[in-house]
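Chemist: using only what follows, build the 3D model:
(chains A and B)
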Amino acid sequence: MLSKSIIPVIVVFGPTSVGKTDFLLNLSKISEIINIDSLQVYKYMNIGTAKPGAGTLSQIKHHLIDFLDPNEEFNTGDFVHEADKLCFEVFSRDKIPVISGGNAFFLINFIKGLPATPKCNPIVRKKVEEELKNKGIEELSCKLEKIDPDYFSKISKNDTYRITRALEIYYSTGKTVSYFKIPEKPRECYNFLFIGLIREKEELHERINRRVDLMFENGLYEEFLKLRKMGYGSSSPGMGAIGYKEFFELDNEQSVEWQPGDKQLGLDDIKELIKKNTRQYAKRQITFFKKIDNVIWENPDNFSAIFHKVEEFLKQHGKIVCNFDNCSFYDKIPIKK
RNA sequence: GCCGCUUUAGCUCAGUCGGUAGAGCAGUAGACUGAAAAUCUACGUGUCCGCAGUUCAAUUCUGCGAGGCGGCA
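Modeler: Numbers count the residues shown, from 1 in each chain, chains lettered A, B, ... in the order given. Now for the predicted structure:
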């Protein structure tokens, strides 16, 4: 039965702008893409999140993309649950599920499975936020040190984000963060093939800069204004994305009545800010990805260097190979005589 | 042309009442327990604009240059 079988999953990841989308076209017809991205999930946010275009989407089926309102949250747990369902469905259609994208935190949680820590409890979180406001971070930090010294020793006393989350877990379950163990190995219900796409730093930075320039040419600012007019503000989860949040910084009025051109002088600064933030993000992504074991690292332009590995992987799953004729991947395999 | 201010890290600037200097940002490396395009950690030798003078000692004081900014002509 399928439910008991091990599902093969090709995981393609890499920093932003590395060229994942183009790379995936090599796998069209044998696979469906499960997008691993926390912001391409949002509707109306196309330019700044570098969503694949209609051409790409028509060539290869994508999931978890362009379906959510920017006011709604899409967190790690949501991703893992949806991705698990989709992997099963795609495999049932005799296709290979390809998890692809740049969100390393989602990816780690998908590979190893979610830790048993509870999901966010909005009421408790609000309470902790109140407490933070009244007592300050030093006091919360001391509190956590007493409650969970193990976890406290691993984080910084300045890490408001993690300290408040740790207290939230404690308040809602009575248990500490360290009580919940993180899974150590990849889940055994999947057979993973990890492909990490990477480029030289200078080249990656050039691609980032070029892409941001192109986003502006394609109307990123206008897209932002449109989202503002639709009522999405800086507190909308989607609007925290690099490529959107920066527009708020030079915009003190935050008026929906703005017209393109009102803030001409600031736009170049914003553009440079977006480039900088994207470069820094790419750096963090790469650091995170390096933690994953058994990765085939390759430049995305060099598909031929890894296709043998992909081929070998696919051969382990006979019924997939049966569908292997007449696909674009097959076209790239040199004919041996 | 005159007067004033200014010149210190890749950038913006502190500072040394004379004992060769440090913040923020950038950069580099790293962390990551259901918010993660988030959040956090570590890492600082630089002709202290140049030349001369005073001094045991000058980036610091004095003089003369040079660049920048502002004001008056």
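
Chemist: A:Arg162 touches A:Ile155, doesn't it?
Modeler: Yes. With contact defined as CB atoms under 8 Å, A:Arg162 counts as touching A:Ile155 (4.8 Å). Quick note: C-beta positions are derived from backbone N, CA and C, even for glycine.

Chemist: which helix runs longest in chain A?
Modeler: Identified as the longest helix of chain A according to DSSP state H is helix A:264-289.

Chemist: just for the stretch 201-337 of chain A, where's the confidence low?
Modeler: A:250-265, A:318-337 (pLDDT under 70).

Chemist: need the residues of it near RNA strand B, please.
Modeler: Contact residues, the stretch 201-337 of chain A versus RNA strand B (CB under 7 Å from any atom of the strand): A:201, A:237, A:240-243, A:245, A:276-281, A:283-284, A:286-288, A:290-291.

Chemist: just the buried ones from the residues you listed, in PyMOL syntax?
Modeler: A single PyMOL command suffices to select whichever of these are buried according to 16 or more other CB atoms under 10 Å:
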select buried, chain A and resi 237+241+242+243+245+277+278+279+281+286+288
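
Chemist: residue of chain A nearest RNA strand B, please.
Modeler: Residue nearest to RNA strand B within chain A: A:Gly77 (1.8 Å; CB to the nearest atom of the strand).

Chemist: gap between that residue and A:Ile274?
Modeler: 29 Å (CB to CB, to the nearest Å).

Chemist: what about stretch A:149-158, distance to the chain center?
Modeler: What separates the centre of stretch A:149-158 from the centre of its chain is 26 Å, taken as CA atoms, centre = their mean, to the nearest Å.

Chemist: got the contact list for it?
Modeler: A:Ile137, A:Glu138, A:Ser141, A:Leu144, A:Glu145, A:Arg162, A:Ile163, A:Ala166, A:Thr176, A:Val177, A:Ser178 (CB atoms under 8 Å, 6 or more residues apart in numbering).

Chemist: restrict those to contacts with RNA strand B.
Modeler: Answer for those near RNA strand B (CB under 7 Å from any atom of the strand): A:Arg162, A:Val177, A:Ser178.

Chemist: residues near the last one, how many?
Modeler: Counted with other CB atoms under 10 Å, the neighbours of A:Ser178 add up to 16.

Chemist: name the nearest residue to it, sequence neighbours excluded.
Modeler: A:Asp150 (4.3 Å; CB to CB, 6 or more residues apart in numbering).
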